[in-house]
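> Provide a 3D model corresponding to the input given below.
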Amino acid sequence: MQEQEELKKPQSEFIQRKSLCQLIYKKLEDVATITAEQYGQALEKYPRLGQLYTLVKEFHTVMFSQKPEKLDTWIKSAQKYDIPELQSFIEGICNDKEAAQNGISYSYNNGLAEGSVNKIKVIKRIMYGRNSFVLLKAKVFFHELFYAEFN
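Next comes the predicted model:
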């Protein structure tokens with residue numbers, strides 16, 4: 001009889017890890033592969049997941065608030081959780097707090113330069129051990145020309 005009752009209970013559906021990861025960057029309504037019911041089941045089964053989502057959303061709010069003093073409040077609330085990866089992230093922020101606060105205060109950043117450097121490094125890695133700087137330079141210029149022409 002108990003077996004029949006257990007069979008009648010709705011089984012929780014399989015939720016893809018990708019769907020849960022998308023919730024870090026998107027709202028629940030914007031993720032097509034997970035429903036609110038599935039999200040509720042996941043939070044019920046893994047309560048720490050809900051805490052992490054809340055911390056991530058709060059951090060996002062702090063980063064775009066233009067108020068660097070909110071960072072200290074977020075750090076204090078995040079330090080309550082005993083998650084090694086989170087503690088390492090907080091430690092990194094605390095080590096260079098001035099830079100983090102400047103990132104919140106100012107609307108400009110060096111993302112464009114970092115993206116260009118990263119692109120050059122990828123091309124360089126692919127070409128490792130082949131030919132000269134002249135070929136690397138030509139390949140970088142060709143990549144920029146190709147990107148500009150098709151985008």
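
> could you chop this structure up by domain?
The chain breaks down into these domains under automatic domain parsing: 9-45, 55-109, 111-150.

> so can I have a markdown table of these showing mean pLDDT?
Below are the domains of the chain laid out as a markdown table (pLDDT from 0 to 100):
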| stretch | mean pLDDT |
| --- | --- |
| domain 9-45 | 83 |
| domain 55-109 | 92 |
| domain 111-150 | 83 |
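
> okay if I get those domains as CSV plus mean neighbour count?
Bear in mind the C-beta positions are built from the backbone N, C-alpha and C, glycine included. As requested, those are exported to CSV (neighbours: other CB atoms under 10 Å):
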stretch, mean neighbour count
domain 9-45, 12
domain 55-109, 13
domain 111-150, 10
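
> which ones are touching residue 140?
Residue 140 is in contact with 119, 120, 123, counting by CB atoms under 8 Å, 6 or more residues apart in numbering.

> any idea which element it lies in?
helix 133-150 (DSSP states H and E).

> related to what we said a few turns ago, looking at the contacts of residue 140, which one is closest to residue 65?
residue 119 (30.8 Å; CB to CB).
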